[in-house]
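Q: Turn this into a structure:
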Amino acid sequence: MAVLASGNGSNLQAIIDRVKSGTLAVNVALVISDQPRARALERARAARIETRLISPVDFSGPEDWNEAISSALTDARIDFVVLAGFMRIIGTAVLDAFPGRILNIHPSILPKYPGLDTYARVLAAGDKEHGTSVHFVTEQLDGGPLIAQAVIPVSKADDEQSLRTRIQATEHWLYPLVLGWIASGRVVMRESATWLDGKRLAEPLRFTEDGPDTPATAVRPAAT
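A: Here you go, the predicted model:
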């Protein structure tokens with residue numbers, strides 16, 4: 001698989017660590033970034049993973065930039081694409097080349113709060129809970145079929161940084177968990193929906209922040 005990242009790359013590192021420990025059976029073959037100083041590139045090089053910098057400033061427009069990413073992924077014989085803090089919108093060139101094979105993690109309980117500034121928006125709304133969602137990527141921003149979510153309570157003492165720290169901690173186990181399901185064939189995107197173990201999910205799997213051994217709600221797949 002390939003990982004696309006724009007910044008610190010902590011989710012990339014969590015994936016690398018799980019692969020090294022033998023608890024995640026994937027091959028991270030390529031890391032692409034749109035930012036030359038992204039720490040994700042440093043993390044990849046330290047793990048001896050091939051890297052590519054594909055910056056939009058080097059192209060005439062978003063279409064050419066997306067074509068370049070699609071070509072890089074195809075040339076590397078990538079099977080699956082993982083977005084990990086990638087702060088650009090994926091266009092049709094990549095979506096068409098990898099239908100149902102692009103994954104993203106977003107810091108909100110989707111469909112609430114797609115886009116940016118989710119921590120501030122949660123606090124401004126006075127929400128009692130916040131969370132993170134893993135979903136397939138489609139042309140709709142943060143709107144692809146959901147797979148799993150981790151939910152945390154919001155207290156009066158929380159601010160943006162405390163929420164960010166706790167959400168990132170959940171992402172570091174949730175994303176590798178879902179990637180394991182993808183790699184083993186348990187989870188696929190079909191008919192514009194998420195399918196788990198051959199059944200269409202009626203709702204995403206939901207966990208507490210304590211981890212996958214403490215599901216917050218029962219998963220009730222719809223009948224096939």
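Q: which ones are touching residue 150?
A: The contact partners of residue 150, taken as CB atoms under 8 Å, 6 or more residues apart in numbering, are 131, 132, 170, 171, 174, 206, 207, 208, 209. Quick note: C-beta positions are derived from backbone N, CA and C, even for glycine.
Q: Look up the closest residue to it, ignoring the ones flanking it.
A: Leaving aside its sequence neighbours, residue 150 sits nearest to residue 170 (CB to CB, 6 or more residues apart in numbering; 4.0 Å).
Q: OK, contacts around the one you found?
A: 131, 132, 150, 152, 207, 209.
Q: Which of the helices or strands spans the second one?
A: Residue 132 belongs to strand 129-136 when elements are defined using DSSP states H and E.
Q: Each with direction, which strands does that strand pair with?
A: strand 102-106 (antiparallel), strand 146-153 (antiparallel) (DSSP bridges).
Q: Comparing those, which stretch has the densest surroundings?
A: Of all the strands paired with strand 129-136, strand 102-106 has the most neighbours on average by mean count of other CB atoms under 10 Å, namely a mean of 23.
Q: Return that strand as PDB; C-alpha atoms alone will do.
A: Extracted C-alpha coordinates of strand 102-106, given in PDB (Å, rounded to 0.1, in the frame of the first residue of the first chain):
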ATOM      1  CA  ILE A 102      -8.600   4.500  -0.800                       C
ATOM      2  CA  LEU A 103      -9.000   5.000   3.000                       C
ATOM      3  CA  ASN A 104      -9.100   8.100   5.100                       C
ATOM      4  CA  ILE A 105      -9.300   8.900   8.800                       C
ATOM      5  CA  HIS A 106     -11.100  12.000   9.900                       C
END
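Q: which other residues reach it?
A: Contacts with strand 102-106, where a contact means CB under 8 Å, 6+ apart, come from 11, 80-84, 86, 90, 94-95, 114, 118, 132-137, 142, 144, 147, 171, 174-175, 178-179, 182.
Q: looking at it, residue 83 is touching residue 137, isn't it?
A: Yes: look at residue 83 against residue 137 with CB atoms under 8 Å: they come within range, at 6.6 Å.
Q: Need the overlap of contacts for the two.
A: By CB under 8 Å, 6+ apart, residue 83 and residue 137 have these common neighbours: 90, 102, 103, 104.
Q: Reformat those into a markdown table and put distance to residue 161 and pLDDT next to each item.
A: Putting the shared contacts of residue 83 and residue 137 into a markdown table (distance: CB to CB, whole Å; pLDDT from 0 to 100) gives the following:
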| residue | distance to residue 161 | pLDDT |
| --- | --- | --- |
| 90 | 28 | 94 |
| 102 | 29 | 98 |
| 103 | 26 | 98 |
| 104 | 23 | 98 |
